[in-house]
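Undergrad: fold the stuff below for me.
(chains A and B)
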There are 2 protein chains.
Amino acid sequence: MTEPLRVALLGCGTVGSAVLRLLDEQGADLAARIGRPVEVAGIAVRRPDRHPGVPAHLLTTDAHALVTSGDVDLVVEVIGGIEPARSLLLAAIGAGKSVVSANKALLAEDGIALHAAAADAGVDLYYEAAVAGAIPLLRPLRESLAGDQLRRVVGIVNGTTNYILSRMVETGAGFAEALAEATELGYAEADPTADVDGFDAASKAAILATLAFHSPVRASDVYREGISAVSATDVARAAEIGCTVKLLAICERVSDVAADGTSTDSIAVRVHPAMIPTTHPLAAVSGAFNAVFVEAEAAGQLMFYGQGAGGEPTASAVLGDLVAVARNRVAGVAGPNVNAYAGLATRPMADTPTRYHVSLDVADKPGVLATVAAEFASRGVSISTVRQDGRGEAATLVLVTHSAPDAALATTVARLREMDAVRAVTSVLRVEGLT
Amino acid sequence: MTEPLRVALLGCGTVGSAVLRLLDEQGADLAARIGRPVEVAGIAVRRPDRHPGVPAHLLTTDAHALVTSGDVDLVVEVIGGIEPARSLLLAAIGAGKSVVSANKALLAEDGIALHAAAADAGVDLYYEAAVAGAIPLLRPLRESLAGDQLRRVVGIVNGTTNYILSRMVETGAGFAEALAEATELGYAEADPTADVDGFDAASKAAILATLAFHSPVRASDVYREGISAVSATDVARAAEIGCTVKLLAICERVSDVAADGTSTDSIAVRVHPAMIPTTHPLAAVSGAFNAVFVEAEAAGQLMFYGQGAGGEPTASAVLGDLVAVARNRVAGVAGPNVNAYAGLATRPMADTPTRYHVSLDVADKPGVLATVAAEFASRGVSISTVRQDGRGEAATLVLVTHSAPDAALATTVARLREMDAVRAVTSVLRVEGLT
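TA: Now for the predicted structure:
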């Protein structure tokens, strides 16, 4: 044990406070695991008067001076948002500090540039806490599966929307009612847009896709639909076909085979609600839990499950990274960096193969099913299952398609809405995980 | 890209062949991820004539010469067993080679000594494939959770016994019948002792406990009961109380608080069949799958799920390690080593807190329940639930205890067997995961 490693902490909210507490409580263990003790050099906050529990001499409002100080070895960033986090991390990296961040928005926006800066400076950039909180997920993708070829990563990565959907399934409530309950219980923020409209999940999907496929994916490349349009009818229809409804972040490799037999790979990255079979491992992930399902060429199916948010679980992930970068610092090296060597293109949603469930109210007379089926067939969409229930003059038609380009499915549904024989399209949701 | 890293492969059975195939197929990707290409320098086998698919010039019977050759940078060991694997790995480490192993028996027997040798030599020793096949588990324990304090690790880590128990639950078959089916289908080996009697799971438990608690645990320190005594009655009784039966590997930290308020921690490591609630995340893990449930102070509950065996999944884990040690070699460093700094003692099973389920056939007359209950109470065991079903002259008594030292529970059960009022003890199994 020689002199301590000095850590600068940026931000001292829920996660930052939990990091400080754990650093204090587990100091001796951390020192044994790292080979040197860890000491807090300073904590940058906006309003020092709001942190009465923190030693005043550690607090500073000059974050830039802190992260570039010669007295600091490692920087932990838990302030979130793009700026000033980006400038501060670049300044820290430029000054030779290794960095741990929990900032999903920043990593999803500028991860590749930050990694390039870290590689140039020979320092570490780790951010396990940015996706799925405490669940060890990014390190397994970066390292454990580094010898394998990933096919798909499918995750429930937003606890707020998972709570809302779980409640809709359990109680039959509509979206607005379930959201109101989640807000009241503190599971949804006053402005729930980032969660409910899928922005948070899209950031995480971009980070996962970048790591899984060694290719540059930004949040803006991710196709995104939130859950505000999911209805109690959608949930009921899902149950009728043995499914439940989840907001999924899906990253997958798609191969196009040309006429001459050569194939070109691209990656499809999307966030949208989907019906999944109740027998799928992700179906049982309820409430505020997160889980990520991975399919790899050799490893087969894997799943990672745990708490996706909260101060303590997130702090656990931050500290795991802190131990890693501290060990590297003690060894005088940087860990393996992330790059986008594969450079696979992101595939437009229109060309991404998906499957649809469509429920229709139709007139119960001869020829309606044939007309509807012809509409799918005209765009090359084949139907996997169909169920027709007559109810006097009207009938309900429930269809699940085979896989087809999303645009062909969306266009078919738009056409169905205009058909005379179709009284109403009562539920449309993509289906995932059916065999 | 400079000159290739040269890999020696020890063993070329199912896993070794899969490693060779993946190295060949994914050569370009691996080179991009590592920064240098990887090349096979040689393959040590016992009988070169049995490997017609492998280039003959790579095969050798002189494993020792291969692993110490100046032409080799990294060694992959997939031969299994204690010797000659131990001598070969020590020779390789002594010659400055980093080592990847899938050898659970060896790591469970001599892991700490091998780690010490690796630390002395400044080389890496990785063995993700030794526990739970393709599931990234050891790296998360070694690294992702390095900033947290682990409470418990509970795993289904043997696919053969999990398949047998799953079939017993599904079909109501007894152990012998389910084992015969597993043997016929190739899920159990001709001599199933290592799996069925829990030796394989005990090795994995020792490795998990060592990593989770930074303390030296060997396979011989692990309390072990296999599944051959699990009966169709046990399985039926489990279902009656909302449980299923699994062979669990359990590693947990136990605190003893002295009269003066100071507490001493020790670790309890055990493998035995247990009833777990069907709502527990591990209950749904069926067939040949593996899963490991982790409870940590800050991270809370985590679960890792995937394929625990098979050539390809195991090879995926080996290659992930190979990329890690190769990256370290390119950077001229060794990764974080494992040590047993915490030095926690292993707790005897007799003193380990457990809960029991006990089913009895008793005479249906006044005072029997009181006598049975007094027997538990006399050893300080309190009863959580009891159900008595009268059937004419006889009655069935089903008890679930609260937590108590295992010896107190075992002694009580032995005493019950001798009581006049007890006609038969029809089922005894420990219970885990009940709240």
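Undergrad: now residue A:60, which residues is it bridged with?
TA: Beta-bridge partners recorded for residue A:60 (DSSP bridges): residue A:44.
Undergrad: ok, now which ones touch it?
TA: A:42-45, A:48, A:66 (CB atoms under 8 Å, 6 or more residues apart in numbering or on different chains). In short, each C-beta sits where N, CA and C put it, glycine included.
Undergrad: could you do residue A:433 as well?
TA: A:154, A:276-277, A:280, A:282.
Undergrad: now it, what's its secondary structure?
TA: Under the three-state scheme (DSSP: H, G, I helix; E, B strand; the rest coil), residue A:433 adopts coil.
Undergrad: again, but for residue A:109
TA: Residue A:109 - assigned by three-state DSSP - is helix.
Undergrad: touching, it and residue A:218? I think so.
TA: Yes. Assessed by CB atoms under 8 Å, residue A:109 is found in contact with residue A:218 at 6.1 Å.
Undergrad: before we move on, back to that, and the contacts of residue A:60 as JSON lines, adding neighbour count?
TA: Formatted as JSON lines, those follow (neighbours: other CB atoms under 10 Å in any protein chain shown):
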{"residue": "A:42", "neighbour count": "22"}
{"residue": "A:43", "neighbour count": "25"}
{"residue": "A:44", "neighbour count": "26"}
{"residue": "A:45", "neighbour count": "22"}
{"residue": "A:48", "neighbour count": "16"}
{"residue": "A:66", "neighbour count": "23"}
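Undergrad: where is pLDDT lowest across those?
TA: When the contacts of residue A:60 are compared by pLDDT, residue A:48 scores lowest at 94.
Undergrad: can you map out the helices along the stretch 101-250 of chain A?
TA: A:104-121, A:138-139, A:159-171, A:175-184, A:193-196, A:199-213, A:232-240 (DSSP state H, counting those that start in this stretch).
Undergrad: just those: most buried one?
TA: When you average the neighbours per residue for each of the helices of the stretch 101-250 of chain A (mean count of other CB atoms under 10 Å in any protein chain shown), helix A:199-213 leads with a mean of 27.
Undergrad: that one packs against which elements?
TA: helix A:104-121, strand A:150-156, strand A:223-224, strand A:243-257, strand A:263-277 (3 or more CB pairs under 8 Å, 6 or more residues apart in numbering or on different chains; DSSP states H and E).
Undergrad: quick revisit: lowest average confidence across the helices of the stretch 101-250 of chain A, which one?
TA: Among the helices of the stretch 101-250 of chain A, helix A:138-139 scores lowest, with a mean of 92.
Undergrad: for it, give me every contacting residue.
TA: Counting by CB under 8 Å, 6+ apart, A:126-128, A:130-131, A:207, A:211, A:320, A:324, B:136, B:139-140, B:143-144 sit against helix A:138-139.
Undergrad: can you flag the buried ones in these?
TA: A:126-128, A:130-131, A:207, A:211, A:320, A:324, B:136, B:139-140, B:143-144 (16 or more other CB atoms under 10 Å in any protein chain shown).
Undergrad: among those, name the ones in strands.
TA: Mapping the buried ones among the contacts of helix A:138-139 onto strands (DSSP state E) picks out residue A:126.
Undergrad: redo the buried ones among the contacts of helix A:138-139 as CSV? Include distance to residue B:344.
TA: What follows is those, written out as CSV (distance: CB to CB, whole Å):
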residue, distance to residue B:344
A:126, 28
A:127, 32
A:128, 26
A:130, 33
A:131, 32
A:207, 37
A:211, 35
A:320, 21
A:324, 23
B:136, 25
B:139, 22
B:140, 20
B:143, 20
B:144, 21
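Undergrad: of the buried ones among the contacts of helix A:138-139, closest to residue B:15?
TA: residue B:136 (16.9 Å; CB to CB).
Undergrad: was I right about that closest one contacting residue B:321?
TA: No. Residue B:136 is beyond contact range of residue B:321, at 10.3 Å (criterion: CB under 8 Å).
Undergrad: pull up the overlap in contacts between these two.
TA: residue B:128.
Undergrad: tell me where the stretch 251-400 of chain A has helices.
TA: Under DSSP H, counting those that start in this stretch, the stretch 251-400 of chain A gives helices at A:311-331, A:368-377.
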